[in-house]
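>>> Requesting a structural model of the entry that follows:
(one chain, ligands or ions: 2)
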Amino acid sequence: MDYTFDVLVIGGGPAGMAAATRAAELGARTAVVERSALGGTCVNSGCVPTRVLAKTARLFREVRTAYDYGIVVAEPSVDWDKTVQRVRATVARVLDAKGYGATMERLAIELIEGDAELTGEHTVVVDGREVTAAAIILCIGGSGRRLPIEGAEHAFLPHEVLELPDLPATVAIIGGGHTGAQMTTIFDAMGSEVLLLDVAPRILMTEDEDVADAVTASFRGRGIRVEAGISGVDSIRRDDGGLNLTWQRDDEPESITVDAVVMATGWPANLGGLGLDAAGVRTARSFIPVDDYLRSNVPHIFVAGDANGSSMLVQAAVFEGETAAENAVMGAMRTTPHHLLPEGGFTDPDYAGVGLTEAQARGRDVECHAVTVPYAAAERPIIDDREQGFLKLVIDRRRELILGAHAVGENAVELITAVAAAMAAGTDLATLARVKFAYPTYGAIIGQAARAGLHS
Ligand SMILES: Cc1cc2nc3c(=O)[nH]c(=O)nc-3n(C[C@H](O)[C@H](O)[C@H](O)COP(=O)(O)OP(=O)(O)OC[C@H]3O[C@@H](n4cnc5c(N)ncnc54)[C@H](O)[C@@H]3O)c2cc1C
Ligand SMILES: NC(=O)c1ccc[n+]([C@@H]2O[C@H](COP(=O)([O-])OP(=O)(O)OC[C@H]3O[C@@H](n4cnc5c(N)ncnc54)[C@H](O)[C@@H]3O)[C@@H](O)[C@H]2O)c1
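Ligands and ions are numbered 1, 2, ... in the order given. Okay, the predicted model is just below:
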């Protein structure tokens, strides 16, 4: 059959752009359908805006503590419009640097702007135009979830936060995953009073427990109210004082009136209107399950990135996009196991992890070791007045292999990225302990932890 394209990618976020680029590099006639903006959630409304707001939060902290260093500055306050402008300008600069247009031109990738709907196994309609493809790669990402409760429409979803007319004096954040935790730091740093609610027994459930506990303690230490383990949120009602939010704890109702509510309660795939039934693609729990080769139940329809529900991170999306493209063009033979996926959040303090948490490692071998080096035992955090935090290494029972690394504190994400590089290179603990780390750096804590691990 003569198809319009060899490979049609739906969605131009990190997964989609990686898939299209790789498919075209392999010589496939390729197109990308995008209904909003290339760059997807990551660049336009997720990672990049959140990271700019995290930087804003850090600047606030630095200005507030400037006098500790003898610098006299006025008490800072927020010009919210200017903050939003800064975020938007930075998104534009990142998009510019990505150079999608030039890549697509160089590789002759066609951009089809509009909403894609599958109308058959090989057929897609985009705003009235029908195209066909030998293989389709769904890189449709996900969206914030509005809880099915009374008054949910009064809440802001994470990507709508920049639409807040002003910085709220009081804000309730529902959901303490990566997004909710980062929103908490951002609002707190800018002066809002913050309540963070979660039905899970603790916030940051995917992180090592000590990491989640340390972030919680730090949040509480600065006056943030963290309420984990609630039974559920009931309603949001507008009243004279603002938004009245009610929730249940142990079957007892509790409530608060706040200026704004943000819902960060999950990230289902963008399945609505996609026409999966017409193509015979099955879904499960708001995602499209895939096999090891990123194939849906329809073998020539692949799914990469957030939409397959496995690892909702940019670093995973890019590798999955490339792998799906290679499988689509050359035959399904490549897999992308995410054994080592460093991740973290830009809260204050930062947190991050890679590999097994201590609980996961002990679940496999109760005699494994965990060693923790407090930031206060290293010079650089003391010099920077950032002694709060630690690096934990999880090590096998013979003290050879690094099974996981987890950190809280300044530059924790960078620290964990460095340990991930060592793990990926197969570096054993003794070798890591002999690495010379520049002085005085946060990285030197890695060497301290490795040496402590050898002798613990
Ligand atoms: C607030 C926030 C902060 C985050 N911070 C980080 C971070 O610091 N680090 C990190 O690794 N990850 C972070 N993430 C997660 C990261 O954004 C995602 O993992 C990543 O964007 C997934 O890429 P993707 O290509 O799968 O999907 P997306 O980036 O969501 O792209 C999907 C694209 O598909 C398009 N699309 C969907 N359906 C259709 C259709 N039917 N027709 C046409 N186009 C369609 C959408 O418009 C979108 O552009 C964050 C997420 C959020 C919400
Ligand atoms: N820095 C990063 O790498 C980063 C940042 C943001 C998001 N992300 C990714 O995006 C995805 C989505 O993140 P997210 O934080 O939006 O969602 P999430 O699914 O990770 O967390 C949602 C949180 O909401 C809670 N929750 C669910 N229902 C609730 C209810 N009714 N009441 C109270 N709490 C409730 C859950 O217990 C959970 O803690 C994640 O997979 C994450 O990996 C990554």
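>>> From here on, just use CA atoms for contacts and neighbour counts.
Fine.
>>> And the strands in the stretch 151-300 of the chain, which stretches?
Shown for the stretch 151-300 of the chain, the strands assigned by DSSP state E, counting those that start in this stretch span residues 170-174, 193-198, 225-228, 232-239, 242-249, 252-258, 260-263.
>>> Nearest to ligand 1, out of these?
strand 260-263 (11.1 Å; Cα to the nearest ligand atom).
>>> Local confidence estimate at the residue lying closest to residue 266 once chain neighbours are set aside?
Nearest residue to residue 266, sequence neighbours excluded (Cα to Cα, 6 or more residues apart in numbering): residue 145, at 5.6 Å. Residue 145 is assigned a predicted lDDT (pLDDT) of 95.
>>> Can you get me a residue count around the closest residue to residue 260 other than its chain neighbours?
Leaving out its chain neighbours, the residue that sits closest to residue 260 by Cα to Cα, 6+ apart is residue 171, at 4.8 Å. Per other Cα atoms under 10 Å, the neighbour tally for residue 171 reads 23.
>>> what does the one 10 residues further on give?
Using other Cα under 10 Å, residue 181 is surrounded by 24 other residues.
>>> hang on, isn't the residue nearest to residue 260 packed against residue 263?
No - between residue 171 and residue 263 there is no contact under Cα atoms under 8 Å: 10.8 Å.
>>> Quick one: residues contacting residue 328.
Residue 328 sits next to 7, 23, 135, 136, 300, 302 when contact means Cα atoms under 8 Å, 6 or more residues apart in numbering.
>>> so which of the residues you listed comes closest to residue 293?
Closest approach between those and residue 293, by Cα to Cα: residue 302, at 8.2 Å.
>>> about what we covered before: from the contacts of residue 328, which land in helices?
Counted as lying in helices by DSSP state H, out of those, are residue 23.
>>> ranges for the helices of the stretch 151-300 of the chain?
Per DSSP state H, counting those that start in this stretch, the stretch 151-300 of the chain carries helices over the ranges 178-189, 209-221, 276-279.
>>> Just name the most buried of these.
Mean neighbour count (mean count of other Cα atoms under 10 Å) peaks for helix 178-189 among the helices of the stretch 151-300 of the chain, with a mean of 24.
>>> So which of the helices of the stretch 151-300 of the chain is nearest ligand 2?
Checked against Cα to the nearest ligand atom, the stretch from the helices of the stretch 151-300 of the chain lying closest is helix 178-189, at 3.8 Å.
>>> Which other helices and strands does that closest one contact?
helix 47-64, strand 170-174, strand 193-198, strand 343-345 (3 or more Cα pairs under 8 Å, 6 or more residues apart in numbering; DSSP states H and E).
>>> Would you mind putting these into CSV with mean pLDDT alongside?
What follows is these, written out as CSV (pLDDT from 0 to 100):
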stretch, mean pLDDT
helix 47-64, 96
strand 170-174, 98
strand 193-198, 98
strand 343-345, 97
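>>> what would those look like in TSV with distance to ligand 2?
Below are these laid out as TSV (distance: least, Cα to the nearest ligand atom, whole Å):
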stretch	distance to ligand 2
helix 47-64	6
strand 170-174	5
strand 193-198	4
strand 343-345	4
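>>> closest to residue 438 out of the ones you listed?
Between residue 438 and the helices and strands packed on helix 178-189, the shortest gap by Cα to Cα is with strand 343-345, which sits at 23.6 Å.
>>> Neighbouring strands - and their directions - for the closest one?
Using DSSP bridges, strand 343-345 pairs in its sheet with strand 351-355 (antiparallel).
>>> Contacts for the partner strand, please.
Taking Cα under 8 Å, 6+ apart as the rule, strand 351-355 contacts 207-208, 211, 215, 339-345, 403-409, 412-413, 416-417, 420.
>>> Let me know the average pLDDT across the helix or strand just after that strand.
Following strand 351-355 in sequence order, the next helix or strand is helix 358-364 (DSSP states H and E). The average pLDDT within helix 358-364 is 98.
>>> same deal with stretch 393-411?
Stretch 393-411 comes out at a mean pLDDT of 97.
>>> Endpoint to endpoint, that stretch covers what distance?
Distance across stretch 393-411, first residue to last, is 16 Å (Cα to Cα, to the nearest Å).
>>> Can you list the buried residues in it?
393-396, 399, 401-411 (16 or more other Cα atoms under 10 Å).
>>> so which of those are also by ligand 2?
Near ligand 2, judged by Cα under 6 Å from any ligand atom, there are no entries from the buried residues of stretch 393-411.
>>> so can I have CSV of the strands of the stretch 151-300 of the chain showing distance to residue 318?
Formatted as CSV, the strands of the stretch 151-300 of the chain follow (distance: least, Cα to Cα, whole Å):
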stretch, distance to residue 318
strand 170-174, 29
strand 193-198, 30
strand 225-228, 33
strand 232-239, 35
strand 242-249, 38
strand 252-258, 39
strand 260-263, 27
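>>> The stretch 201-350 of the chain against ligand 2: which residues are in contact?
So the stretch 201-350 of the chain meets ligand 2 at 203, 232, 233, 264, 265, 266, 267, 312, 313, 343, 344, 345 (Cα under 6 Å from any ligand atom).
>>> Please name the residues that touch the closest residue to the fourth one other than its chain neighbours.
If I follow you right, that is residue 264. In space, and not counting its chain neighbours, residue 264 is closest to residue 175: 4.9 Å by Cα to Cα, 6+ apart. Shown in contact with residue 175 (Cα under 8 Å, 6+ apart): 181, 196, 197, 198, 199, 203, 263, 264, 265, 266.
>>> What is the nearest of those to residue 33?
Of the contacts of residue 175, the one sitting nearest to residue 33 (Cα to Cα) turns out to be residue 266, at 24.9 Å.
>>> residues making contact with the helix or strand where residue 392 lies?
Assigning secondary structure by DSSP H and E places residue 392 in strand 390-395. Contact with strand 390-395 is made by 356-358, 361, 368-375, 401-409, 445-446, 449-450, 453, as judged by Cα under 8 Å, 6+ apart.
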